[in-house]
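J.: Need coordinates for the following:
(one chain, ligands or ions: 1)
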Amino acid sequence: METTSPELDLEKLTVVRILGRGAMGTVFMVHDRETDPSARYPFALKVVEKSTLHTKFDADRRARWEVSVLSRLSHPYLPSLLGTLETDQFLAWAVPYCPGGDLNVLRHRQADRVFSPSVIHFYVAEIICALEYLHSMGIVYRDLKPENVLVQQSGHVTLTDFDLSRTLTHRTAIPRNTPDSGELEATNCRMKHRRNLTGLTLVVSDKGLKKAKSARVSPVSRRKLSFSNGERSNSFVGTEEYVSPEVVRGEGHEFAVDWWALGILTYEMMYGKTPFRGKNRKETFRNVLMKPPEFIGKPTAVTDLIGRLLEKDPTRRLGYNGGATEIKEHAFFGGLRWDLLTDVLRPPFLALRDEESLTELIKGGARDVEEYFHNLKAQPSVPPSPLPTPSSIA
Ligand SMILES: Nc1ncnc2c1ncn2[C@@H]1O[C@H](COP(=O)(O)OP(=O)(O)OP(=O)(O)O)[C@@H](O)[C@H]1O
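T.: Residues are numbered from 1 along each chain as shown. Here you go, the predicted model:
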């Protein structure tokens, strides 16, 4: 892969455990056997198997795009590219390991499954800084959701997953029906019926929205978590809870889609649910287009912020005209020293480094990446499961 970052040697990497499996690849926690034999400095390695590239929509281009974005990033709340490798079998790249889990996992660990206002304040502020930096580089992220906000060892956030991002020259909307590196079309779908939703023609398929007046959607599948005996089980429920009205309408869209998603994320952190979720995709999209968000209790600065971010008309949305600056000036952040945010020494949650279980895993089943995929193929074939279960293979 063409980057200036160091080339990694797969032969020297030992898998500590599986961190996650996404639509595109598998993310391993690995360490370098030679330079770090005791695994004191593990890192995350995202591996995409080339043999699967042709079966996944535009995966090769998306993988290379993600690497090219990562190679340009230099920000405390965004991952840095530690290295890349390409073999006949794999494309892979390394980023710092985030031991604190993601905001979805973290929220489910809270009493009542919601964050306190001060925690929301902290995370939203950091996410705004990360988005501000991306936008300043002309990158619209387009995949903000709690699962993509990871927590570093220090307790500060890191946004992950840039395959859906896209570069824009400022204020140039991504036109509908434009083939682009960052957009995942809801494809492979048998079209079922046409619906006129608020006067806009969308073609709704059994698996997703298919292009007509193309509402191309980010695969905002949610990993629905359940916890029992400390076990985590994941399942994918395909919902579009983070998609903005302009994307549903299949209109051109730009940086304001990230501010919309920030409104949804803030709402979810506060109420433990997203504001527009319906019984099905169609109802969710109708709610996105038509329904105002419902707030419980008295209006506060945070509900005002959410309301302004969830403005259906992107040109009236907070952040549309003034970018991150106008969001930072909102009353919810009154008194916040933005310049000192990275210096906060006691973020809400600090990841505990679990040395014991780390050692146990290494002793119990050190593997390399090739062996992992080899074993996976050697397993008797079972019907494909929509449920990725990283914990069961870790
Ligand atoms: N740096 C990291 N540190 C810890 N865990 C990580 C890291 N990067 C990714 N993960 C885990 O791996 C999962 C999948 O990663 P990622 O979202 O980048 O893959 P993907 O294939 O692009 O997924 P998606 O289906 O969301 O597009 C994440 O949800 C997270 O749990």
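
J.: Just give the number of residues close to the closest residue to residue 295 other than its chain neighbours.
T.: Leaving out its chain neighbours, the residue that sits closest to residue 295 by C-beta to C-beta, 6 or more residues apart in numbering is residue 303, at 4.5 Å. Placement of C-beta: from N, CA and C, glycine included. Using other C-beta atoms under 10 Å, residue 303 has 18 other residues around it.

J.: Packing partners of the host helix or strand of residue 303?
T.: Using DSSP states H and E, residue 303 sits within helix 301-309. Helices and strands touching helix 301-309, as assessed by 3 or more C-beta pairs under 8 Å, 6 or more residues apart in numbering; DSSP states H and E, comprise helix 117-136, helix 256-271.

J.: highest average neighbour count across the ones you listed?
T.: helix 256-271 (a mean of 25; mean count of other C-beta atoms under 10 Å).

J.: So is that helix next to the ligand?
T.: No: judged by C-beta under 6 Å from any ligand atom, helix 256-271 stays clear of the ligand, getting no closer than 13.8 Å.

J.: Can I get that helix in PDB? Just the C-alpha atoms.
T.: Extracted in PDB, the C-alpha atoms of helix 256-271 (Å, rounded to 0.1, in the frame of the first residue of the first chain):
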ATOM      1  CA  ALA A 256     -23.700  19.000   8.100                       C
ATOM      2  CA  VAL A 257     -24.500  15.300   8.000                       C
ATOM      3  CA  ASP A 258     -21.800  14.900  10.700                       C
ATOM      4  CA  TRP A 259     -23.500  17.600  12.900                       C
ATOM      5  CA  TRP A 260     -26.800  15.800  12.500                       C
ATOM      6  CA  ALA A 261     -25.200  12.500  13.600                       C
ATOM      7  CA  LEU A 262     -23.700  14.300  16.600                       C
ATOM      8  CA  GLY A 263     -27.300  15.400  17.500                       C
ATOM      9  CA  ILE A 264     -28.400  11.800  17.400                       C
ATOM     10  CA  LEU A 265     -25.400  10.600  19.300                       C
ATOM     11  CA  THR A 266     -25.900  13.200  22.100                       C
ATOM     12  CA  TYR A 267     -29.600  12.300  22.300                       C
ATOM     13  CA  GLU A 268     -28.700   8.600  22.600                       C
ATOM     14  CA  MET A 269     -26.100   9.200  25.300                       C
ATOM     15  CA  MET A 270     -28.700  11.200  27.200                       C
ATOM     16  CA  TYR A 271     -31.900   9.100  26.800                       C
END
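
J.: what helices or strands is the following helix or strand past that helix leaning on?
T.: Going down the chain from helix 256-271, the next helix or strand is helix 281-290, by DSSP H and E. Contact partners of helix 281-290 among helices and strands, from 3+ C-beta pairs under 8 Å, 6+ apart: strand 191-197, strand 200-205, helix 245-248.

J.: Next, the angle from helix 281-290 to helix 256-271.
T.: Angle between the axes of helix 281-290 and helix 256-271 is 100 degrees (criterion: axes from the mean of the first three to the mean of the last three C-alpha atoms, to 10 degrees).

J.: Only the buried residues of helix 281-290, if you could.
T.: Across helix 281-290, burial judged by 16 or more other C-beta atoms under 10 Å covers 281, 282, 284, 285, 286, 287, 288, 289.

J.: Look up how far the ligand lies from the closest residue to residue 81 other than its chain neighbours.
T.: Nearest residue to residue 81, sequence neighbours excluded (C-beta to C-beta, 6+ apart): residue 70, at 4.1 Å. Residue 70 sits 10 Å away from the ligand, taking C-beta to the nearest ligand atom, to the nearest Å as the criterion.

J.: Who are the contact partners of residue 70?
T.: Counting by C-beta atoms under 8 Å, 6 or more residues apart in numbering, residue 70 makes contact with 79, 80, 81, 93, 95, 162.

J.: what's the burial count for the last one?
T.: Read it as residue 162. Residue 162 has 25 neighbouring residues, counting by other C-beta under 10 Å.

J.: Show the average pLDDT along the helix holding residue 303.
T.: Taken as a whole, helix 301-309 carries a mean pLDDT of 98.

J.: That helix to helix 256-271, inter-axis angle?
T.: Computed with the same axes, to 10 degrees, the direction of helix 301-309 lies at 150 degrees from that of helix 256-271.

J.: Which parts of stretch 32-52 count as buried, going by neighbours?
T.: Within stretch 32-52, the residues scored as buried using 16+ other C-beta under 10 Å are 32, 39, 42, 43, 44, 45, 46, 47, 48, 49.

J.: export the helices and strands packed on helix 301-309 to a markdown table and tack on mean pLDDT?
T.: Listed next are the helices and strands packed on helix 301-309 as a markdown table, based on pLDDT from 0 to 100:
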| stretch | mean pLDDT |
| --- | --- |
| helix 117-136 | 96 |
| helix 256-271 | 97 |
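
J.: between the ones you listed, which one is nearest to residue 297?
T.: Of all the helices and strands packed on helix 301-309, it is helix 256-271 that lies closest to residue 297, at 10.2 Å by C-beta to C-beta.

J.: Show me the shaky parts of the stretch 51-200 of the chain.
T.: Within the stretch 51-200 of the chain, the stretches with pLDDT under 70 are 53-57, 170-200.
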